[in-house]
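S.K.: let me see the structure of the following:
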Amino acid sequence: MSELKLTDRTWGKFSIGDLFQIENCKCSKVSALKEGNVPYIGATNRNNGVLSFVENKSSFITKGNCIVFICDGEGSIGYSIYKKEDFIGTTTIKVGRNEYLNKYIGQFIVTCSNMMRGKYNFGYKRNEANLKREIIMLPENTDGDPDWQFMEDFIKQKEEKQIAELKNYYADKALELMISTGNLRNTEWREFSFSQVFAEIQRGKRLTKSNQQDGTTPYVSSTATNNGVDNFIDNSTNVRIFENCLTLANSGSVGSTFFHYYTFVASDHVTALRLEKPNKYIYLFLSGIIKRLEEKYSFNREINDKRIQREKILLPVNEEGLPDWQFMENFMKQIEQDKITAVLNYYKKPFNNNNLRGG
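M.R.: Numbers count the residues shown, from 1 in each chain. So this is what the prediction gives:
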């Protein structure tokens, strides 16, 4: 398929009310909900709208595959977010859905919608009536209707291009590493269970919000942001304390994996993974491998203690068929030196105006 360009399509004006059926979210008092595995969406455009994870209250659930319209909140009003998964939302946000929506079209729509958010900077309210009248520009087909297929294909193309660029970058860095270390050989990979890799596998311990004492010790939970740190606390009894290890989110943002060189308290929503010989670079290598579990699990399926024991990961091996720890360490040292983090951050950030300028 030839490269799709935005300039290849005519664009038309469409109102939100004509594009979507609008629904209200249902939670007016999040403090009444216990901590859990369901994302709670509030009036913020940060972290894709997620403020916390709460218990599953079926009467409050909003089904996923929808556009979230933020209707309140200084600095966030006017933004829109696509949500794939089911969630509980505050009553200050509304959602829109239609029969064409999927994650690709959703990304396209929210980017176009966010271009129009400037009108809400001067006290203009985003109530339901104003939201339905809101106009966005979209590519249209020959019948003058939104060209849903083009939107989907365009975002897929952008995503595939970024993935290809990232894969090529990794391949180049790996080759440079092998050459620089004189280790130009075919690397063999084999499966290992978690129990074969880690000397200690232990889940954290439940600590409710009401029992958390303000302090300076990181409290690591199932959030996918801020290296998993959800709070800073002073609790030292009836908690599980770890340091210099990985954490794996077994619920909430399932599969999120982070390295912690510092002392921290782990919630029961994460499992601590410790090597027999802790090493920062090996931990960073392993975290990238383990994060692939995100594709296997979801908010409706957690990584319980039995599953984590059965899970297997692919690792490079040495001539004895054992994990090649030295290769992993050298690889990550080279990656760190070349600041690949900047490339990863570029790939992870949402599609912005530049992504929708074709070319």
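S.K.: which residues of the stretch 1-150 of the chain fall in strands?
M.R.: Secondary structure of the stretch 1-150 of the chain (DSSP state E, counting those that start in this stretch): strands at 11-15, 21-24, 35-41, 50-54, 61-62, 66-70, 80-83, 87-89, 93-97, 135-139.
S.K.: adding distance to residue 306 and mean neighbour count, write the ones you listed out as CSV.
M.R.: No exception for glycine: its C-beta is placed from N, CA and C like everyone else's. Shown next, in CSV, are the strands of the stretch 1-150 of the chain (distance: least, C-beta to C-beta, whole Å; neighbours: other C-beta atoms under 10 Å):
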stretch, distance to residue 306, mean neighbour count
strand 11-15, 50, 14
strand 21-24, 38, 14
strand 35-41, 18, 22
strand 50-54, 22, 20
strand 61-62, 27, 18
strand 66-70, 34, 25
strand 80-83, 30, 24
strand 87-89, 27, 26
strand 93-97, 36, 23
strand 135-139, 48, 17
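S.K.: residue 205 is nearest to which of those strands?
M.R.: strand 35-41 (13.0 Å; C-beta to C-beta).
S.K.: which elements pack onto the closest one?
M.R.: Contacting strand 35-41 under the criterion 3 or more C-beta pairs under 8 Å, 6 or more residues apart in numbering; DSSP states H and E are the following elements: strand 50-54, strand 87-89.
S.K.: residue ranges of the helices in the stretch 251-359 of the chain, please?
M.R.: 280-290, 305-310, 325-337, 341-348 (DSSP state H, counting those that start in this stretch).
S.K.: where are the low-confidence patches of the stretch 251-359 of the chain?
M.R.: The model of the stretch 251-359 of the chain has pLDDT under 70 over residues 298-301, 335-359.
S.K.: can you rerun that using 90?
M.R.: Scanning the stretch 251-359 of the chain for pLDDT under 90 picks out 251-256, 284-285, 287-314, 316, 319, 327-328, 330-359.
S.K.: just to revisit the earlier point, I'd like the strands of the stretch 1-150 of the chain as CSV, with mean pLDDT and distance to residue 255 appended.
M.R.: Formatted as CSV, those follow (pLDDT from 0 to 100; distance: least, C-beta to C-beta, whole Å):
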stretch, mean pLDDT, distance to residue 255
strand 11-15, 96, 37
strand 21-24, 95, 29
strand 35-41, 91, 13
strand 50-54, 92, 14
strand 61-62, 95, 22
strand 66-70, 95, 23
strand 80-83, 94, 18
strand 87-89, 94, 18
strand 93-97, 95, 26
strand 135-139, 95, 34
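S.K.: can you put the ones you listed in CSV and add distance to residue 146?
M.R.: CSV is the format used below for the strands of the stretch 1-150 of the chain (distance: least, C-beta to C-beta, whole Å):
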stretch, distance to residue 146
strand 11-15, 6
strand 21-24, 15
strand 35-41, 25
strand 50-54, 28
strand 61-62, 23
strand 66-70, 13
strand 80-83, 15
strand 87-89, 25
strand 93-97, 13
strand 135-139, 5
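S.K.: for residue 188, which of the ones you listed is the nearest?
M.R.: So among these, strand 35-41 is nearest, using C-beta to C-beta, at 37.9 Å.
S.K.: got the contact list for that closest one?
M.R.: By C-beta atoms under 8 Å, 6 or more residues apart in numbering, the residues outside strand 35-41 that reach it are 25, 27, 30, 33, 49-56, 61-62, 68, 81, 83, 85-90, 93, 208-209, 222, 251-252, 269, 299, 302.
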